[in-house]
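Asker: sequence and predicted structure below; questions after.
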Amino acid sequence: MFAVDLHAHTRFFHGRRQLGDRFDPYGFRLLAWVLERRGLDGVSTTNHDYCTSFTSDRIVSIPGIEVSTTHGHVLVVGPDPPTETVPLEYTPMEIVELAHERGCAAIIAHPYRNSDVASERFADVPFDAIEINGKHPRTRPLVEQIAAERDLPIVAGSDAHFPFEVGRAYTVIDADELTPTAVVAAIQDGRVEPRVTNGPLNTSIRQGYRRIHERTDPDTVLAHSPAAVKQLVRTRGRHLEDGRSDTVDAND
């Protein structure tokens with residue numbers, strides 16, 4: 001068994017690619033140091049629309065990229081993810097096909113933040129897993145509902161942009177060795193289990209995220225309380241039983 005954060009970033013800012021490229025090796029060393037102290041075995045560095053491979057004597061690095069598709073973000077992790085993608089160039093189906101061609105797994109990232117990749121319109125896209133995101137794990141009941149409907153494994157990742165955030169959500173991987181190929185096989189076989197860490201710091205940060213969503217987009221699921229999320233799960237379940245799955249969209 002290995003504990004791996006499948007969604008982390010080596011920088012705390014977007015844009016200014018040239019500056020970021022110089023910062024990334026330092027950012028990765030900080031991630032590795034924190035992960036080792038927290039007892040994790042590996043991390044997938046999934047920067048936005050580009051992949052840079054790293055090595056460390058502290059933890060195992062799994063290549064990855066967070067692709068900005070036409071309808072939301074998809075994580076591609078494995079031995080040979082795309083080196084770089086153009087935002088909004090690929091549809092969800094196209095990026096899943098590309099991931100599989102390159103021996104990688106395609107994961108629905110933070111399905112309720114700026115995304116409708118997990119909506120019914122993409123129910124036939126053969127994703128390999130769906131993510132519980134470390135920034136807002138209270139969406140877990142909705143993620144579990146979708147995973148059950150589509151027979152998808154559930155993974156977890158911190159979505160860390162600052163080193164202290166890494167490992168707040170991670171995936172337990174049942175494999176004999178921790179290699180990119182073994183990680184892909186474990187995800188696709190469902191030999192994975194999501195874990196979320198709590199504590200005062202993580203709780204405070206997540207409350208801060210929720211307050212931001214309450215101000216900027218009060219109708220989104222990410223602005224809901226845990227009780228409201230559970231009610232949405234029950235309502236969505238009743239509509240699914242009635243054959244009206246399109247009438248309740250958790251992304252609204």
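Answerer: Perfect, I can see it now. Residues are numbered from 1 along each chain as shown.
Asker: what residue is smack in the middle of the protein?
Answerer: Closest to where the C-alpha atoms of the chain average out (CA atoms, centre = their mean) is Ala109, at 3.7 Å.
Asker: quickly find the element holding the closest residue in space to that one that isn't next to it in sequence.
Answerer: Closest residue to Ala109 apart from its sequence neighbours, by CB to CB, 6 or more residues apart in numbering: His73 at 4.2 Å. C-betas here are computed from N, CA, C, even on glycine. Take DSSP states H and E as the rule and His73 turns out to sit in strand 72-77.
Asker: elements contacting the next helix or strand along the chain from that strand?
Answerer: Per DSSP H and E, strand 72-77 leads on to helix 92-101 as the next helix or strand towards the C-terminus. Packing partners of helix 92-101 (3 or more CB pairs under 8 Å, 6 or more residues apart in numbering; DSSP states H and E): strand 60-69, strand 72-77, strand 105-108.
Asker: could you look up the SS state of the closest residue to Val172 other than its chain neighbours?
Answerer: Spatial nearest neighbour of Val172, excluding adjacent residues (CB to CB, 6+ apart): Glu193 at 4.4 Å. Secondary structure state of Glu193, per DSSP: H, G, I helix; E, B strand; the rest coil, is strand.
Asker: surely Glu193 meets Ala169?
Answerer: No - counting by CB atoms under 8 Å, Glu193 sits too far from Ala169 to count as a contact (11.7 Å).
Asker: okay, those two: which has more neighbours?
Answerer: Between Glu193 and Ala169, counted using other CB atoms under 10 Å, the more crowded position is Ala169 (28 against 16).
Asker: which residues touch the more buried one?
Answerer: Ala169 sits next to 5, 7, 132-134, 137, 156-159, 194-197 when contact means CB atoms under 8 Å, 6 or more residues apart in numbering.
Asker: from those, which is closest to Leu222?
Answerer: Asn133 (9.7 Å; CB to CB).
Asker: and that closest one, its phi and psi?
Answerer: phi -90, psi 140 (degrees, to the nearest 10).
Asker: okay, and the beta partners of Ala156?
Answerer: Ile132 (DSSP bridges).
Asker: burial count for it?
Answerer: Residues near Ala156, counting by other CB under 10 Å: 28.
Asker: all strands of the protein, in order?
Answerer: Secondary structure of the chain (DSSP state E): strands located at 2-8, 42-45, 60-69, 72-77, 105-108, 129-133, 154-157, 169-173, 192-196.
Asker: which residues touch Ser115?
Answerer: His71, Gly72, His73, Ile108, Ala109, Asn251.
Asker: Asp24 now?
Answerer: Thr10, Arg11, Asn47, Thr52, Phe54.
Asker: got a markdown table for those residues, with pLDDT, distance to Tyr90 and neighbour count too?
Answerer: Shown next, in a markdown table, are these (pLDDT from 0 to 100; distance: CB to CB, whole Å; neighbours: other CB atoms under 10 Å):
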| residue | pLDDT | distance to Tyr90 | neighbour count |
| --- | --- | --- | --- |
| Thr10 | 92 | 22 | 24 |
| Arg11 | 80 | 22 | 20 |
| Asn47 | 93 | 16 | 22 |
| Thr52 | 87 | 19 | 18 |
| Phe54 | 90 | 24 | 18 |
